[in-house]
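1. everything below, folded, please.
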Amino acid sequence: MIENKNQSKTDLSQLGEFGLIQHLTKNLKIQQESTTKGIGDDAAVLNFKDKKTVISTDLLIEGVHFDLAYMPLKHLGYKAVVANISDICAMNATPTQITVSLAVSNRFPLEALEELYEGITLASNFYKVDVIGGDTTSSQKGLIISITAIGVADEEELIYRDGAQDTDLLVVTGDIGAAYMGLQILEREKQVYLVNPNSQPDLEAYEYLIERQLKPEARTDIKKLLEELDVKPTSMIDISDGLSSEIMHLCTQSKVGCNLYEDKLPLDPQFINTCEEFNIDSTTIAINGGEDYELLFTIKMGDFEKIKGNPNLSIIGHMTQESEGVHIVTRANTKIPLKAQGWNSLKESEE
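-> Model prediction:
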């Protein structure tokens, strides 16, 4: 068969990461009875005996997802585990095991991989997950890490992205935006170092932001907290790609709209001060920055009193009918359409 040299070629960056996934998987059909939930949520769900098994996989590539100029290998190992455990938490499940696969180039000695595994071991011990396998291979370019996380939950405990109703409240854990600003600090110091390798950075004023970037934590505490409060979210997702992107995912999957309130966003004082120093808008960063690994979820309006005033949780908006669209309501009470401008690894890698 003669190849058609003139066939059209679509650039991957036109689809974006999520568009590409949707395009490639649109013809896949569930064929196994044991597959309860396949592609389209934070983790897959498998039905084995009395417990549901949830599985999630993440890929981290040097130069795309991390920069070893300021990311210590020990921190990288820890963060790689956290990123995957966070997806299990987003299903309201309990993480139990992980597998770790590495592709490394010949510029990494044994000692470097030992340092990486120190972080992986530290995280697995802290979160009480077992490392049960994986793979190691060579890479022609840099370091690639793939981690698969496995968790369990009772069927009635599981929470998907598609359960939000049009009167539900939108809730987020912790604070947001700090991880992105930590990255900006590290990028700035990298540029200073390249000009003057003898300079010693003073990062004390940015300690919290840098910790949020280099050593984030997964919210494994939220499942128990919500149980104690007698609250079951109607939908849930973790914030890895930016708040705006995650809200859009919940709205798309649940077929609802949303009003997000600017004055309700939980922002750390160090984050606000650093945004002012960089002369950038804190709201823009808070809703578009990624890697916070906080949980975003919706609850029934009737559960308001149960979570009101809880220091771990902030009500930042409410869901509306799908026809009303997705908006952010500014401090001046102006409604602006919310656009998903969060992390897109396909687009970023092209730039």
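2. does residue 335 have beta-bridge partners, and which?
-> residue 329 (DSSP bridges).
3. the closest residue to residue 203 other than its chain neighbours: what's it in contact with?
-> Spatial nearest neighbour of residue 203, excluding adjacent residues (C-beta to C-beta, 6 or more residues apart in numbering): residue 210 at 6.0 Å. (C-beta placed from N, C-alpha, C; glycine too.) Going by C-beta atoms under 8 Å, 6 or more residues apart in numbering, residue 210 touches 182, 185-186, 203.
4. reformat these as TSV; add neighbour count and distance to residue 122.
-> TSV is the format used below for the contacts of residue 210 (neighbours: other C-beta atoms under 10 Å; distance: C-beta to C-beta, whole Å):
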residue	neighbour count	distance to residue 122
182	28	19
185	20	23
186	20	21
203	13	22
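5. mark which of the residues you listed are part of helices, please.
-> Residues from the contacts of residue 210 lying in helices, with DSSP state H as the criterion: 182, 185-186.
6. from residue 66, how far off is the residue nearest to the spatial centre of the chain?
-> Here the mean C-alpha position of the chain is nearest to the C-alpha of residue 240 (C-alpha atoms, centre = their mean), at a distance of 1.7 Å. Per C-beta to C-beta, to the nearest Å, residue 240 is found 14 Å from residue 66.
7. can you show me the helices along the chain?
-> Using DSSP H, helices in the chain cover 12-25, 73-89, 110-126, 178-195, 207-214, 222-229, 243-254, 269-277, 282-288, 304-307, 345-350.
8. the inter-axis angle of the fifth one versus helix 178-195?
-> I take that to be helix 207-214. 90 degrees (axes from the mean of the first three to the mean of the last three C-alpha atoms, to 10 degrees).
9. and for the third one?
-> Direction vectors for helix 110-126 and helix 178-195, defined by the same axes, to 10 degrees, enclose an angle of 160 degrees.
10. what is helix 110-126 packed up against?
-> helix 73-89, strand 94-104, strand 130-138 (3 or more C-beta pairs under 8 Å, 6 or more residues apart in numbering; DSSP states H and E).
11. how distant is the last one from the center of its chain?
-> Put plainly, it is strand 130-138. 22 Å (C-alpha atoms, centre = their mean, to the nearest Å).
12. for it, which helices and strands make contact with it?
-> Using 3+ C-beta pairs under 8 Å, 6+ apart, strand 130-138 sits against strand 94-104, helix 110-126, strand 144-153.
13. make a markdown table out of the ones you listed and add mean neighbour count.
-> As requested, the helices and strands packed on strand 130-138 are exported to a markdown table (neighbours: other C-beta atoms under 10 Å):
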| stretch | mean neighbour count |
| --- | --- |
| strand 94-104 | 20 |
| helix 110-126 | 16 |
| strand 144-153 | 22 |
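14. tell me, how many neighbours does residue 283 end up with?
-> 18 (other C-beta atoms under 10 Å).
15. before we move on, what about residue 165?
-> Neighbours around residue 165, by other C-beta under 10 Å: 15.
16. so what's it closest to, chain neighbours aside?
-> Going by C-beta to C-beta, 6+ apart, residue 165 has residue 234 as its nearest residue, at 6.1 Å.
17. quick one: low-confidence ranges for this protein?
-> Across the chain, the ranges flagged by pLDDT under 70 are 1-40, 43-48, 341-351.
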